[in-house]
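Would you be able to build a 3D model of this:
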Amino acid sequence: MKTRFVLIQTSHAGNVGAAARAMKTMGFDDLVLVAPRWANVLRREETIQRASGALDVLANARIVETLDEALDGMSHLCATAMTQRDFGPPTRTPRQHLEMLVQGQLQAEPAAPSTAPETGVAFLFGCERFGMANEDVYRCNVALSIPSNPQFGSLNLGAAIQLIAYEWRQALGGFPLENAAPAQLPDRADAGQVAGMLTHWEQALTHLGFLDPAAPKKLMPRLNQLFNRAQLSPEEIHILRGVAKAMLQSTPPNR
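Now for the predicted structure:
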(Lines give C-alpha, C1' and ligand atoms only; values in the text may rest on other atoms or scores of the structure.)
Protein backbone atom coordinates (compact mmCIF):
# COMPACT_ATOMS: atom_id res chain seq x y z
CA MET A 1 0.00 0.00 0.00
CA LYS A 2 1.49 3.32 -1.06
CA THR A 3 1.78 6.06 1.54
CA ARG A 4 1.70 9.78 0.79
CA PHE A 5 1.88 12.84 3.01
CA VAL A 6 0.08 15.88 1.64
CA LEU A 7 0.70 19.38 2.99
CA ILE A 8 -1.94 21.93 1.97
CA GLN A 9 -0.95 25.61 1.66
CA THR A 10 1.99 25.33 4.03
CA SER A 11 3.21 28.79 4.99
CA HIS A 12 6.46 28.08 6.87
CA ALA A 13 9.39 26.63 4.95
CA GLY A 14 10.86 25.07 8.05
CA ASN A 15 7.79 22.89 8.47
CA VAL A 16 8.37 21.36 5.05
CA GLY A 17 11.87 20.38 6.11
CA ALA A 18 10.59 19.06 9.43
CA ALA A 19 7.98 17.02 7.55
CA ALA A 20 10.67 15.47 5.36
CA ARG A 21 12.73 14.55 8.40
CA ALA A 22 9.73 13.06 10.22
CA MET A 23 8.80 11.00 7.19
CA LYS A 24 12.27 9.64 6.58
CA THR A 25 12.70 8.50 10.19
CA MET A 26 9.67 6.27 9.67
CA GLY A 27 10.65 5.08 6.19
CA PHE A 28 8.30 7.18 4.03
CA ASP A 29 9.34 9.35 1.10
CA ASP A 30 6.25 10.47 -0.86
CA LEU A 31 5.65 14.14 -0.02
CA VAL A 32 3.33 16.41 -2.00
CA LEU A 33 2.82 20.12 -1.34
CA VAL A 34 -0.41 21.77 -2.47
CA ALA A 35 -0.02 25.47 -3.29
CA PRO A 36 2.62 26.28 -0.66
CA ARG A 37 3.36 29.90 0.18
CA TRP A 38 6.80 29.75 -1.42
CA ALA A 39 7.18 28.37 -4.93
CA ASN A 40 10.82 27.53 -4.18
CA VAL A 41 10.10 26.12 -0.72
CA LEU A 42 11.93 22.85 -1.43
CA ARG A 43 15.16 24.78 -2.07
CA ARG A 44 14.93 27.36 0.70
CA GLU A 45 17.70 27.34 3.28
CA GLU A 46 15.34 26.93 6.23
CA THR A 47 13.72 23.92 4.58
CA ILE A 48 17.04 22.22 3.99
CA GLN A 49 18.28 22.94 7.50
CA ARG A 50 15.14 21.59 9.15
CA ALA A 51 15.22 18.48 6.96
CA SER A 52 18.40 17.53 8.85
CA GLY A 53 19.70 15.18 6.16
CA ALA A 54 16.40 14.03 4.65
CA LEU A 55 17.36 15.68 1.36
CA ASP A 56 16.26 12.67 -0.68
CA VAL A 57 12.69 13.19 0.55
CA LEU A 58 12.86 16.85 -0.50
CA ALA A 59 14.33 15.89 -3.87
CA ASN A 60 11.48 13.44 -4.41
CA ALA A 61 8.77 15.88 -3.26
CA ARG A 62 6.32 17.45 -5.70
CA ILE A 63 4.49 20.76 -5.74
CA VAL A 64 1.00 20.84 -7.26
CA GLU A 65 -1.70 23.46 -7.52
CA THR A 66 -4.75 21.44 -6.51
CA LEU A 67 -5.63 18.77 -3.97
CA ASP A 68 -7.00 16.58 -6.73
CA GLU A 69 -3.53 16.37 -8.25
CA ALA A 70 -2.00 15.55 -4.89
CA LEU A 71 -4.42 12.68 -4.27
CA ASP A 72 -4.00 10.99 -7.64
CA GLY A 73 -3.72 7.22 -7.09
CA MET A 74 -4.74 7.37 -3.42
CA SER A 75 -7.84 5.47 -2.32
CA HIS A 76 -7.92 6.04 1.46
CA LEU A 77 -7.77 9.63 2.62
CA CYS A 78 -6.99 10.58 6.22
CA ALA A 79 -7.63 14.17 7.23
CA THR A 80 -6.05 15.58 10.38
CA ALA A 81 -8.28 17.68 12.58
CA MET A 82 -7.88 19.07 16.08
CA THR A 83 -11.64 19.39 16.60
CA GLN A 84 -14.47 17.14 15.46
CA ARG A 85 -16.70 18.44 12.67
CA ASP A 86 -20.49 18.37 12.97
CA PHE A 87 -20.65 16.82 9.55
CA GLY A 88 -18.22 14.64 7.67
CA PRO A 89 -16.19 11.50 8.22
CA PRO A 90 -15.83 9.78 11.61
CA THR A 91 -13.18 11.12 13.98
CA ARG A 92 -10.77 8.57 15.39
CA THR A 93 -7.38 8.47 17.02
CA PRO A 94 -4.55 7.55 14.63
CA ARG A 95 -3.78 4.31 16.45
CA GLN A 96 -7.39 3.14 16.48
CA HIS A 97 -8.05 3.90 12.82
CA LEU A 98 -4.76 2.72 11.36
CA GLU A 99 -4.93 -0.61 13.15
CA MET A 100 -8.44 -1.06 11.77
CA LEU A 101 -7.22 -0.16 8.29
CA VAL A 102 -4.35 -2.65 8.33
CA GLN A 103 -6.57 -5.41 9.73
CA GLY A 104 -9.21 -4.82 7.05
CA GLN A 105 -11.93 -3.97 9.57
CA LEU A 106 -12.94 -0.80 7.74
CA GLN A 107 -14.28 -2.75 4.79
CA ALA A 108 -17.00 -4.18 7.03
CA GLU A 109 -18.32 -0.77 8.02
CA PRO A 110 -21.72 0.26 6.60
CA ALA A 111 -20.27 3.53 5.30
CA ALA A 112 -17.47 1.84 3.40
CA PRO A 113 -17.99 2.58 -0.31
CA SER A 114 -16.21 -0.51 -1.58
CA THR A 115 -14.67 -3.78 -0.51
CA ALA A 116 -11.85 -3.44 -3.02
CA PRO A 117 -8.35 -3.33 -1.50
CA GLU A 118 -6.86 0.07 -0.85
CA THR A 119 -4.31 1.24 -3.41
CA GLY A 120 -2.77 3.99 -1.31
CA VAL A 121 -3.14 5.96 1.88
CA ALA A 122 -2.79 9.73 1.98
CA PHE A 123 -2.40 11.77 5.15
CA LEU A 124 -3.59 15.35 4.70
CA PHE A 125 -2.39 18.30 6.78
CA GLY A 126 -3.80 21.81 6.52
CA CYS A 127 -2.01 25.13 6.79
CA GLU A 128 -0.43 26.06 10.10
CA ARG A 129 -2.85 28.83 11.01
CA PHE A 130 -6.26 27.46 10.04
CA GLY A 131 -5.81 23.72 9.57
CA MET A 132 -7.82 21.91 6.92
CA ALA A 133 -10.79 23.48 5.17
CA ASN A 134 -14.11 21.76 5.82
CA GLU A 135 -14.59 20.83 2.17
CA ASP A 136 -11.22 19.05 2.18
CA VAL A 137 -12.09 17.16 5.37
CA TYR A 138 -15.46 16.10 3.98
CA ARG A 139 -13.90 14.25 1.06
CA CYS A 140 -11.78 12.09 3.40
CA ASN A 141 -12.54 8.67 4.86
CA VAL A 142 -11.62 9.67 8.39
CA ALA A 143 -10.52 12.64 10.45
CA LEU A 144 -7.56 11.70 12.62
CA SER A 145 -7.33 13.51 15.94
CA ILE A 146 -4.23 13.12 18.11
CA PRO A 147 -5.21 12.81 21.81
CA SER A 148 -3.54 15.62 23.73
CA ASN A 149 -3.88 17.86 26.76
CA PRO A 150 -7.42 19.34 26.68
CA GLN A 151 -6.02 22.62 28.01
CA PHE A 152 -3.21 22.79 25.45
CA GLY A 153 -3.70 20.57 22.43
CA SER A 154 -1.76 22.62 19.90
CA LEU A 155 0.87 20.62 18.00
CA ASN A 156 3.17 22.15 15.44
CA LEU A 157 2.99 20.67 11.98
CA GLY A 158 6.28 18.77 12.17
CA ALA A 159 5.31 17.12 15.46
CA ALA A 160 1.90 16.12 14.13
CA ILE A 161 3.45 14.53 11.04
CA GLN A 162 5.97 12.67 13.17
CA LEU A 163 3.23 11.21 15.36
CA ILE A 164 1.08 10.15 12.42
CA ALA A 165 4.07 8.66 10.60
CA TYR A 166 5.07 6.73 13.71
CA GLU A 167 1.57 5.34 14.29
CA TRP A 168 1.30 4.28 10.65
CA ARG A 169 4.68 2.60 10.70
CA GLN A 170 3.74 0.75 13.90
CA ALA A 171 0.45 -0.36 12.37
CA LEU A 172 2.41 -1.73 9.40
CA GLY A 173 4.61 -3.76 11.73
CA GLY A 174 7.25 -1.27 12.81
CA PHE A 175 11.00 -1.51 12.54
CA PRO A 176 13.06 -4.05 14.48
CA LEU A 177 15.14 -2.67 17.32
CA GLU A 178 18.67 -2.67 15.92
CA ASN A 179 21.66 -3.98 17.84
CA ALA A 180 19.43 -5.09 20.69
CA ALA A 181 21.03 -7.99 22.51
CA PRO A 182 18.46 -10.68 23.34
CA ALA A 183 17.62 -10.86 26.99
CA GLN A 184 19.54 -13.70 28.58
CA LEU A 185 18.64 -15.13 31.94
CA PRO A 186 21.70 -15.85 34.10
CA ASP A 187 22.50 -19.45 34.96
CA ARG A 188 20.92 -20.58 38.20
CA ALA A 189 23.05 -22.03 40.96
CA ASP A 190 22.06 -25.61 41.71
CA ALA A 191 20.86 -26.85 45.08
CA GLY A 192 24.28 -28.24 46.00
CA GLN A 193 25.95 -24.86 45.43
CA VAL A 194 23.35 -23.10 47.57
CA ALA A 195 23.68 -25.70 50.34
CA GLY A 196 27.47 -25.40 50.31
CA MET A 197 27.26 -21.62 50.53
CA LEU A 198 24.78 -21.86 53.44
CA THR A 199 27.14 -24.19 55.31
CA HIS A 200 29.92 -21.68 54.75
CA TRP A 201 27.71 -18.87 56.08
CA GLU A 202 26.65 -20.94 59.08
CA GLN A 203 30.33 -21.36 59.99
CA ALA A 204 31.00 -17.65 59.49
CA LEU A 205 27.99 -16.50 61.53
CA THR A 206 28.94 -18.87 64.32
CA HIS A 207 32.48 -17.51 64.23
CA LEU A 208 31.14 -13.97 64.63
CA GLY A 209 28.84 -14.98 67.46
CA PHE A 210 25.73 -14.03 65.50
CA LEU A 211 24.56 -17.66 65.39
CA ASP A 212 24.45 -19.76 68.56
CA PRO A 213 24.68 -23.44 67.54
CA ALA A 214 23.04 -24.40 70.83
CA ALA A 215 20.01 -22.24 70.05
CA PRO A 216 19.99 -21.61 66.31
CA LYS A 217 16.23 -21.03 66.19
CA LYS A 218 15.23 -20.72 62.52
CA LEU A 219 18.03 -18.47 61.29
CA MET A 220 19.51 -20.85 58.74
CA PRO A 221 16.17 -22.07 57.30
CA ARG A 222 15.12 -18.43 56.91
CA LEU A 223 18.40 -17.62 55.14
CA ASN A 224 17.84 -20.66 52.95
CA GLN A 225 14.42 -19.32 51.92
CA LEU A 226 15.88 -15.86 51.35
CA PHE A 227 18.55 -17.13 49.00
CA ASN A 228 16.07 -19.39 47.19
CA ARG A 229 13.87 -16.38 46.41
CA ALA A 230 16.93 -14.51 45.15
CA GLN A 231 17.53 -17.23 42.50
CA LEU A 232 21.28 -16.87 42.83
CA SER A 233 23.69 -17.43 39.98
CA PRO A 234 26.98 -19.32 40.41
CA GLU A 235 28.83 -15.98 40.31
CA GLU A 236 26.69 -14.65 43.16
CA ILE A 237 27.31 -17.83 45.15
CA HIS A 238 31.02 -17.18 44.69
CA ILE A 239 30.64 -13.62 46.00
CA LEU A 240 28.69 -14.77 49.08
CA ARG A 241 31.29 -17.44 49.80
CA GLY A 242 33.92 -14.70 49.62
CA VAL A 243 31.98 -12.72 52.22
CA ALA A 244 31.79 -15.79 54.47
CA LYS A 245 35.52 -16.40 54.05
CA ALA A 246 36.28 -12.81 55.04
CA MET A 247 34.08 -13.16 58.13
CA LEU A 248 35.90 -16.36 59.15
CA GLN A 249 39.27 -14.63 58.79
CA SER A 250 38.21 -11.71 60.97
CA THR A 251 38.79 -11.53 64.69
CA PRO A 252 35.63 -12.57 66.49
CA PRO A 253 34.23 -10.05 68.97
CA ASN A 254 34.72 -10.53 72.70
CA ARG A 255 31.93 -12.56 74.18
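
All the helices of the stretch 1-150 of the chain, residue numbers only.
Across the stretch 1-150 of the chain, reading from the start of the chain, the helices by DSSP state H, counting those that start in this stretch fall at 13-25, 45-51, 55-60, 67-70, 94-102, 134-138.

So what touches the first one?
By that I understand helix 13-25. 5, 7, 10, 29, 31, 33, 36-38, 41-42, 44, 46-58, 61, 125, 128, 156-158, 161-162, 165 (C-beta atoms under 8 Å, 6 or more residues apart in numbering). In short, each C-beta sits where N, CA and C put it, glycine included.

ok, 7 Å please
Applying C-beta atoms under 7 Å, 6 or more residues apart in numbering, the set of residues contacting helix 13-25 from outside is 5, 7, 10, 29, 31, 33, 38, 41-42, 44, 46-52, 54, 57-58, 128, 157-158, 161-162, 165.

so for the helix or strand hosting A160, what's the average pLDDT?
Using DSSP states H and E, A160 sits in helix 157-171. Per-residue pLDDT over helix 157-171 has a mean of 95.

that older thread, looking at the helices of the stretch 1-150 of the chain, which is buried most?
With neighbours defined as mean count of other C-beta atoms under 10 Å, these peak in mean count at helix 13-25, which reaches a mean of 24.

ok, back up a step: out of the helices of the stretch 1-150 of the chain, which is closest to A230?
With C-beta to C-beta as the criterion, A230 lies closest to helix 94-102 of the helices of the stretch 1-150 of the chain, at 39.8 Å.

Please list the outside residues in contact with the closest one.
Residues outside helix 94-102 that contact it (C-beta under 7 Å, 6+ apart): 76, 106, 142, 144, 146, 163-164, 167-168, 171-172.

what do you get if the cut-off is 6 Å, keeping everything else the same?
Helix 94-102 is touched from outside by 106, 142, 144, 164, 167-168, 171, with contacts defined as C-beta atoms under 6 Å, 6 or more residues apart in numbering.

related to what we said a few turns ago, please state the offset of the helix holding A160 from the chain centre?
Remark: helix 157-171 is offset 10 Å from the chain centroid, using C-alpha atoms, centre = their mean, to the nearest Å.

so what secondary structure elements neighbour that helix?
Packing contacts for helix 157-171, counted by 3 or more C-beta pairs under 6 Å, 6 or more residues apart in numbering; DSSP states H and E, involve helix 13-25, helix 94-102.

which other residues reach it?
For helix 157-171, contacts defined as C-beta under 6 Å, 6+ apart pick out 15, 18-19, 22-23, 26, 28, 94-95, 98-99, 102, 123, 128, 146.
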